[in-house]
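Trainee: Let me see the structure of the following:
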Amino acid sequence: MATTSNRASALLLLLACLFGGIAPAQAAAIVDEADIVVNFGSIVFRNAGGEAIVDGIDVEAADAFNVTSDVEIGNASAETTGTADACTIAECDIVSIYPLRITTSVAADAPPLSRAIGTGRADGLLSFTNNTGSDLTIDFFLEIDVFWSGLSVDDPSSELASLSWLVGFEYDGVVTEVVNASIDGDQDGVSVGDVCPEFPNDLCNLRESFEGLSLPAGATRSFAGFAELTALAEVANGELPLPSTLHLLGLLPALVLLAGRRRRPAP
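Mentor: As a prediction, this is how the structure comes out:
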């Protein structure tokens, strides 16, 4: 006759096989070392004749970088860093907002549900006061560079890896979105070269000039440049245990205790 210990061991072995049979496969979604660098440069003030004016314009600068979300749910990780720098002529010999830079990496693994979100925002603010006595206009040149080292999923049907970015500026209370783009990873991994094979490209690498912003005589106007970068990794393909398995899981402590006991002699 089999001992109680042997029967309990067999039950434990059966339970282990059952758990092993439903264990979800490991999977992953990743956005690795995503990076955006933005330059609002070559800011020039011009008079009615198109001549560049330097004297008689007061410029003040402020900047800020914020991690607006580093969310980690389940087996996931998110890390976002960045910087922002706005310059006056006194500080940098130029008037610019450079760099606005954000770097983020996120990853998520099963089971059963995991999600990571990394978002950063960089802002630069310039305040212009026209003391020249003449109406002026403002020209500037915008550069945007977006890169990443990895953007992939193991199973596109149940996993997501995406990267999105927003770049724009606000002048005299009017907001202009220059770029609002996003891209999803696939099973092979999407590289920058896949999306932006040539330079420049308006998705990953943009070069654009803006002219004619009005700065009337005696007026003070604010110019704000901003950049946001968000990476998302999500995995939702883990299988939850079946109800019968959950019932056996509840019996596990009793089975372990039973396996440790020896059969009592018959009376």
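
Trainee: what about dumping the CA coordinates of stretch 172-181 to CSV?
Mentor: Extracted C-alpha coordinates of stretch 172-181, given in CSV (Å, rounded to 0.1, in the frame of the first residue of the first chain):
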residue,chain,number,x,y,z
ASP,A,172,1.9,86.1,-28.5
GLY,A,173,-0.7,83.6,-27.1
VAL,A,174,-0.9,81.5,-30.3
VAL,A,175,0.3,77.9,-30.1
THR,A,176,1.7,76.2,-33.2
GLU,A,177,2.3,72.5,-33.3
VAL,A,178,5.1,71.8,-35.8
VAL,A,179,5.4,68.1,-35.3
ASN,A,180,3.0,65.6,-33.7
ALA,A,181,4.1,62.1,-34.7
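
Trainee: So for it, what gets flagged as buried?
Mentor: Val178, Val179, Ala181 (16 or more other CB atoms under 10 Å). (Glycine included, C-beta is placed from N, CA and C.)

Trainee: and which of those is nearest Phe226?
Mentor: For those, the closest approach to Phe226 (CB to CB) belongs to Val178, at 10.1 Å.

Trainee: how about that closest one, what does it touch?
Mentor: Listed by CB atoms under 8 Å, 6 or more residues apart in numbering, the contact set of Val178 reads Leu142, Ile144, Val167, Gly168, Phe169, Leu206, Glu208.

Trainee: Then Phe210?
Mentor: Asp139, Phe140, Phe141, Leu142.

Trainee: quick one, longest strand in this structure?
Mentor: In terms of residue count, the longest strand belonging to the chain (DSSP state E) is strand 28-46.

Trainee: partners of that strand in the sheet?
Mentor: Looking at strand 28-46 with DSSP bridges, its paired strands and their directions are strand 52-53 (antiparallel), strand 96-109 (antiparallel), strand 136-147 (antiparallel), strand 150-153 (antiparallel).

Trainee: For Val174, which of those strands is the nearest?
Mentor: Across the strands paired with strand 28-46, closest to Val174 is strand 136-147 (CB to CB), at 13.2 Å.
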